[in-house]
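Asks: I'll drop the sequence and a predicted model, then ask my questions.
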Amino acid sequence: QVQLVESGGGLVQAGESLRLSCAASGRAISLYNMGWFRQAPGKERELAAVISRSGDTLYYVGSVKGRFTISRDNAKNTVALQMNSLKPDDTAVYYCAASGYSESYARDISKYAYWGQGTQVTVSS
């Protein structure tokens, strides 16, 4: 079983950047597809970005394409989300998650069994 801890959230102004980090322990993240998900108040949790266990497949939800970049460092057992040109609509709790399914399920939120506690990102206008 893998444990996940997010960090890097905070309060920024629109147009600024933040870098979220997810530190894993217990098992190697090389065994997992890794994702960043977010949940805004009153809304369902949604996928923001995922990276397959091989790193070959990346996916971003349309609203963050071109602004967010997901990356993984298997040697350090960490996953990062670089968020640029932040908008007020990006305000949410961001969660790191791991899925042990095959890469074909990398975009399926129901296949993510391991979750961090979340980190708050607030973007003011």
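Replies: Good, I have the coordinates.
Asks: looking at the chain, which helix or strand is least sure?
Replies: The weakest-scoring helix or strand in the chain, judged by mean pLDDT, DSSP states H and E, is strand 58-60 (a mean of 94).
Asks: Now do the buried residues in the helix or strand just after it.
Replies: For strand 58-60, the following helix or strand on the C-terminal side (DSSP states H and E) is strand 68-73. Within strand 68-73, the residues that count as buried by 16 or more other C-beta atoms under 10 Å are Phe68, Thr69, Ile70, Arg72. Every residue, glycine included, has its C-beta placed from N, CA and C.
Asks: May I have the residues that are in contact with the nearest residue to the first one once chain neighbours are set aside?
Replies: Across the structure, with C-beta to C-beta, 6 or more residues apart in numbering as the measure, the residue nearest Phe68 apart from its sequence neighbours is Met83 (5.1 Å). Contacts for Met83 were tallied using C-beta atoms under 8 Å, 6 or more residues apart in numbering; they are Ser17, Leu18, Arg19, Leu20, Val64, Arg67, Phe68, Asp90, Val121.
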